[in-house]
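> this one's sequence-less:
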């Protein structure tokens, strides 16, 4: 399963790459031109109960948040058949309240990554029905009380299947009503999981040659290649990581910020990164998609452990301001397949050596022909709950110096 995730990512971001001429950077690769993404929100239902706990432990009340989401990346093999890769999880975890009436409160986490095939059946001109079937990597985090395991962790492959209806608004947009299901597993003491959701699909559309040629010769700068050197130190703290992970303590608030990134239990005291990025696609003015490779060294704060990480990753870049002297941008990168040289760092359950790299930052290109680059960014390593060990790694704010060519 891990190797399959890496293969999908490599294919997704590099297919047809070497055959593209510079002027064709304003057109999608053939692979991307037949791809889409889907975002869905709705209710999730998993009947955890006292029967899942070991004998002698129970509670009369449970806390449930039914709200959940599912994100998918898809590729059309034909007009009717697609392959999809994504993740599904609740917004917050199921909680056993006041276990044994002595004040213990414990949560159970679940997360499912899936790879599936989707078959569309056209009903009317704009309406279709679909069925889906595939395999899911299901991870459950149980809990212990006083070092005694009350509900154990689980990690296994499960069948995933579903069906739904879609309404085509345009060539790009489809509205969806979905039902998704994972069966009960007696072996792993796991109840069934059902999700009912509403959402959309956005299908990438290839631009025509005339538009592509016009965009390729306009005045806006998009670097074809970038080489960067970055350094960060934990001496300045992890306030930026916490703010964008909505976990910054400010006054009476324990979770101030914006929930668009992650922090991590393992904190890096020092971090040095070398990064290379190359352009895959650019729009007329605002957006570009790059692929990149990176090598990072960091030393953990608590145990002074030396760790190396290597990753291949996508980069979404949005140009927020274009001036005569500079171009100001924000970038975001998630689910970059990575190898990290040490598992479970400093006693934290940070996960195995196969993981993902995530980054986000702000920067400028400046100088003659925008040859130079300065960027501030934060980084994170974790496996997205693919495994039951996922405490994660937080890399502090890095100052990045770059050269374009």
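Noted; the coordinates are in hand. None of the values given here were measured: they were computed from a predicted structure.

> ranges for the helices of the stretch 151-300 of the chain?
Assigned by DSSP state H, counting those that start in this stretch, the stretch 151-300 of the chain shows helices spanning 209-216, 239-244.

> tell me the most buried of the ones you listed?
helix 239-244 (a mean of 20; mean count of other Cβ atoms under 10 Å). C-beta: built from backbone N, CA, C; applies to glycine.

> domain assignment for the chain?
As given by automatic domain parsing, the domain ranges for the chain are 35-203, 209-404.

> Of these, which is nearest residue 29?
Between residue 29 and these, the shortest separation by Cβ to Cβ is 6.9 Å, and it involves domain 209-404.

> re earlier: out of the domains of the chain, deepest packed?
domain 209-404 (a mean of 18).

> I'd like the secondary structure assignment at the residue of the chain most remote from its centre, please.
Of all residues in the chain, residue 56 has its C-alpha farthest from the mean position, at 38.9 Å, by Cα atoms, centre = their mean. Recorded secondary structure, residue 56: coil (DSSP: H, G, I helix; E, B strand; the rest coil).

> Show the pLDDT at it.
On the pLDDT scale, residue 56 is placed at 92.

> got it, and residue 247?
89.

> still on that earlier bit, and of the domains of the chain, who's closest to residue 28?
Of all those, domain 209-404 sits nearest to residue 28, with 5.7 Å by Cβ to Cβ.

> if we can go back for a sec, look up how far residue 49 lies from the residue farthest from the centre of the chain.
Distance, residue 56 to residue 49, using Cβ to Cβ, to the nearest Å: 15 Å.

> Residue 380 bridge partners, please.
With DSSP bridges applied, residue 380 shows beta-bridge pairing to residue 358, residue 394.

> my read: it touches residue 266, true?
No. Here residue 380 lies out of contact with residue 266, judged by Cβ atoms under 8 Å, at a distance of 10.3 Å.

> Name the residues contacting each of these two.
392, 393, 394 (Cβ atoms under 8 Å, 6 or more residues apart in numbering).

> how about a markdown table for these, with distance to residue 403 and pLDDT added?
Converted to a markdown table, those look like this (distance: Cβ to Cβ, whole Å; pLDDT from 0 to 100):
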| residue | distance to residue 403 | pLDDT |
| --- | --- | --- |
| 392 | 31 | 94 |
| 393 | 27 | 97 |
| 394 | 27 | 97 |
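
> returning to what we had before: mean pLDDT lowest for which of the helices of the stretch 151-300 of the chain?
Sorting the helices of the stretch 151-300 of the chain by mean pLDDT places helix 209-216 lowest, at a mean of 87.

> Pretty sure residue 386 sits in a helix.
No. Counting by three-state DSSP, one finds residue 386 to be coil, located in no helix.

> gap between it and residue 337?
Counting by Cβ to Cβ - residue 386 and residue 337 are separated by 11 Å.

> repeat for residue 29
Distance from residue 29 to residue 337, counting by Cβ to Cβ: 19 Å.

> in the sheet, who's paired with residue 71?
As for beta bridges, residue 71 partners with residue 39, residue 87 under DSSP bridges.

> Distance from stretch 110-126 to the middle of the chain?
In terms of Cα atoms, centre = their mean, to the nearest Å, the centre of stretch 110-126 is set 20 Å apart from its chain centre.

> Likewise for stretch 356-372?
What separates the centre of stretch 356-372 from the centre of its chain is 21 Å, taken as Cα atoms, centre = their mean.

> try stretch 186-193
The mean C-alpha position of stretch 186-193 is separated from the chain mean by 26 Å, Cα atoms, centre = their mean.

> So what are the sheet partners of the strand of greatest length in the chain and their directions?
Ordering each strand of the chain by length in residues (DSSP state E) puts strand 104-122 first. Each strand paired with strand 104-122, and its direction, by DSSP bridges: strand 81-90 (antiparallel), strand 94-99 (antiparallel), strand 127-141 (antiparallel).

> what about it, average pLDDT?
94.

> in the sheet, who's paired with residue 155?
Under the criterion used (DSSP bridges), residue 155 bridges to residue 139.

> Would you agree it is in contact with residue 138?
Yes. Using Cβ under 8 Å, residue 155 is in contact with residue 138, at 7.4 Å.

> Reformat the helices of the stretch 151-300 of the chain as JSON lines; add distance to residue 352.
Shown next, in JSON lines, are these (distance: least, Cβ to Cβ, whole Å):
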{"stretch": "helix 209-216", "distance to residue 352": "43"}
{"stretch": "helix 239-244", "distance to residue 352": "22"}
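
> To residue 349, which of those lies closest?
Residue 349 lies closest to helix 239-244 among the helices of the stretch 151-300 of the chain, at 19.2 Å (Cβ to Cβ).

> For the closest one, name the packing helices and strands.
Applying 3 or more Cβ pairs under 8 Å, 6 or more residues apart in numbering; DSSP states H and E, one finds that helix 239-244 contacts strand 248-250, strand 372-382, strand 393-404.

> Ok, which of the ones you listed comes nearest residue 197?
Nearest to residue 197, of the helices and strands packed on helix 239-244 and by Cβ to Cβ, is strand 372-382 at 24.5 Å.

> between the closest one and strand 393-404, how many degrees?
160 degrees (axes from the mean of the first three to the mean of the last three Cα atoms, to 10 degrees).

> Residue 231 contacts residue 397, doesn't it?
No. With contact defined as Cβ under 8 Å, residue 231 does not reach residue 397; the gap is 10.1 Å.

> Ranking helices and strands of this protein by mean pLDDT, which lands last?
Across the helices and strands of the chain, the lowest-confidence element by mean pLDDT, DSSP states H and E is helix 2-14, at a mean of 43.

> before we move on, back to that, with distance to residue 25 added, can I get the domains of the chain in TSV?
Formatted as TSV, those follow (distance: least, Cβ to Cβ, whole Å):
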stretch	distance to residue 25
domain 35-203	17
domain 209-404	5
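
> Got the phi and psi for the residue farthest from the centre of the chain?
In terms of degrees, to the nearest 10, the main-chain angles of residue 56 are phi 100, psi 0.

> List the contacts of it.
residue 100.

> got it, and the one 10 residues further on?
Residues touching residue 66, when contacts are defined by Cβ under 8 Å, 6+ apart, comprise 43, 44, 45, 90.

> now it: how far from residue 172?
Using Cβ to Cβ, residue 66 is found at 30 Å from residue 172.

> What of residue 400?
For residue 400 relative to residue 172 (Cβ to Cβ), the value is 34 Å.
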